[in-house]
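Peer 1: after the sequence you'll find the predicted model.
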Amino acid sequence: GRGEAVKLRVILHEAEEGGFWAEVQALPGCATYGETMDELKANLYEAVLGWLEASESQADPREKGIELELTV
């Protein structure tokens, strides 16, 4: 239902060329990159919403509260 937060564990990596990349274990193939931690977090939300949109065409991911749990 509405109002339920979806908790997703995010595995954080430092990129060799600088910046960070992260992968969402629960969503196969969902990964993103950012020059800074703030950029990475913004990109992660976009990546997760995009992934959910692609996988659940009937559901509107904007209705889901998504909480990202960052793990290094």
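Peer 2: Happy to help now that I have it.

Peer 1: for the rest of this, base every contact and every neighbour count on C-alpha atoms.
Peer 2: Will do.

Peer 1: and the helices in this protein?
Peer 2: All helices of the chain, identified by DSSP state H, fall at 37-55.

Peer 1: any residues touching the helix or strand bottoming out on mean pLDDT in the chain, and which ones?
Peer 2: For the chain, counting by mean pLDDT, DSSP states H and E, strand 65-71 ranks last in confidence among helices and strands (a mean of 75). Contact partners of strand 65-71, identified using CA atoms under 8 Å, 6 or more residues apart in numbering, comprise G3, E4, A5, V6, K7, L8, R9, V10, I11, L12.

Peer 1: next: stretch 14-25.
Peer 2: With contact meaning CA under 8 Å, 6+ apart, stretch 14-25 is reached by 8-13, 29-37, 40, 44.

Peer 1: where's the residue lying farthest from the centre of the chain relative to T32, distance?
Peer 2: Among the C-alpha atoms of the chain, the one most distant from their mean position (CA atoms, centre = their mean) is that of E17, at 21.1 Å. Distance from E17 to T32, counting by CA to CA, to the nearest Å: 14 Å.

Peer 1: quick one: distance of the longest strand seen in the chain to the chain centre.
Peer 2: If you go by DSSP state E, the chain has its longest strand at strand 5-14. In terms of CA atoms, centre = their mean, to the nearest Å, the centre of strand 5-14 is found 6 Å from the chain centre.

Peer 1: pLDDT (mean, whole number) over that strand?
Peer 2: Across strand 5-14, pLDDT averages out at 87.

Peer 1: and for stretch 52-61?
Peer 2: Averaging pLDDT along stretch 52-61 gives 68.

Peer 1: what do you get for stretch 30-37?
Peer 2: On average, stretch 30-37 scores 96.

Peer 1: list the buried residues in it.
Peer 2: C30, A31, T32, Y33, G34 (16 or more other CA atoms under 10 Å).
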